[in-house]
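**Q** mind folding the following:
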Amino acid sequence: MAQRPSIVINRSSPVPLYFQVAEQLERAIVDGELAPGDRIANEVTMASDLGLSRPTMRQAIQLLVDKGLLVRKRGVGTQVVHGQIRRPVELTSLHDDLRRAGEGPHTEVLACQRIESDEPVAQELRLPAGALVWSLERLRFAGDEPLARAA
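**A** Prediction:
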């Protein structure tokens, strides 16, 4: 079920309406009123409820998508993202950081084969074009969620 926290719009404020909405949605996420995985009401419904235009609501939601707090999924709606992975500024591995954050990291190998290198790969590896190289394609997960595909 879609969630919509209480949002109050101050039309006499110099702060743009979309920013007021985004700021209050962000506060609801940070304070835990909206939990990871929660769906928020669609932009048409929220715009209507708040007496705003759809483009204003779309801009507010997009701001939070750009900040990494919300994600839009076709056929599902807009959801609060699962906990962000915060990595300290040090030389560590993503796997170790995810494990420390309790995210249950694992990797699925999609392909592993020897192939003839094309020109860009050969140049990068300082090999003659057509030299045999290993090609590895993998999918990295944080828990059950795909995180990155690497080739």
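**Q** what distance do you get for the nearest residue to Glu23 once chain neighbours are set aside to Ala60?
**A** In space, and not counting its chain neighbours, Glu23 is closest to Val15: 7.9 Å by C-beta to C-beta, 6 or more residues apart in numbering. Where you see a C-beta, it was placed from the backbone N, CA and C, and this is true even at glycine. Distance, Val15 to Ala60, by C-beta to C-beta, to the nearest Å: 12 Å.
**Q** any common contacting residues for these two?
**A** Counting by C-beta atoms under 8 Å, 6 or more residues apart in numbering, Val15 and Ala60 have no common neighbour.
**Q** who's more crowded, these two?
**A** It is Ala60, of Val15 and Ala60, that has more neighbours when counted by other C-beta atoms under 10 Å, with 28 against 10.
**Q** mind listing what's buried in the helix or strand hosting that one?
**A** Secondary-structure element containing Ala60, defined by DSSP states H and E: helix 54-66. By neighbour count with 16 or more other C-beta atoms under 10 Å, helix 54-66 contains the buried residues 56-61, 63-64.
**Q** for that helix, enumerate the helices and strands it packs against.
**A** helix 17-30, helix 43-50, strand 70-73 (3 or more C-beta pairs under 8 Å, 6 or more residues apart in numbering; DSSP states H and E).
**Q** same list (the ones you listed) but as CSV, adding mean pLDDT and distance to Asp97.
**A** Written out in CSV, the entries for the helices and strands packed on helix 54-66 read as follows (pLDDT from 0 to 100; distance: least, C-beta to C-beta, whole Å):
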stretch, mean pLDDT, distance to Asp97
helix 17-30, 93, 21
helix 43-50, 92, 34
strand 70-73, 89, 20
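**Q** redo the ones you listed as TSV? Include distance to Leu136 and mean neighbour count.
**A** Putting the helices and strands packed on helix 54-66 into TSV (distance: least, C-beta to C-beta, whole Å; neighbours: other C-beta atoms under 10 Å) gives the following:
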stretch	distance to Leu136	mean neighbour count
helix 17-30	36	18
helix 43-50	41	16
strand 70-73	28	15
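**Q** thanks again, I'm all set now.
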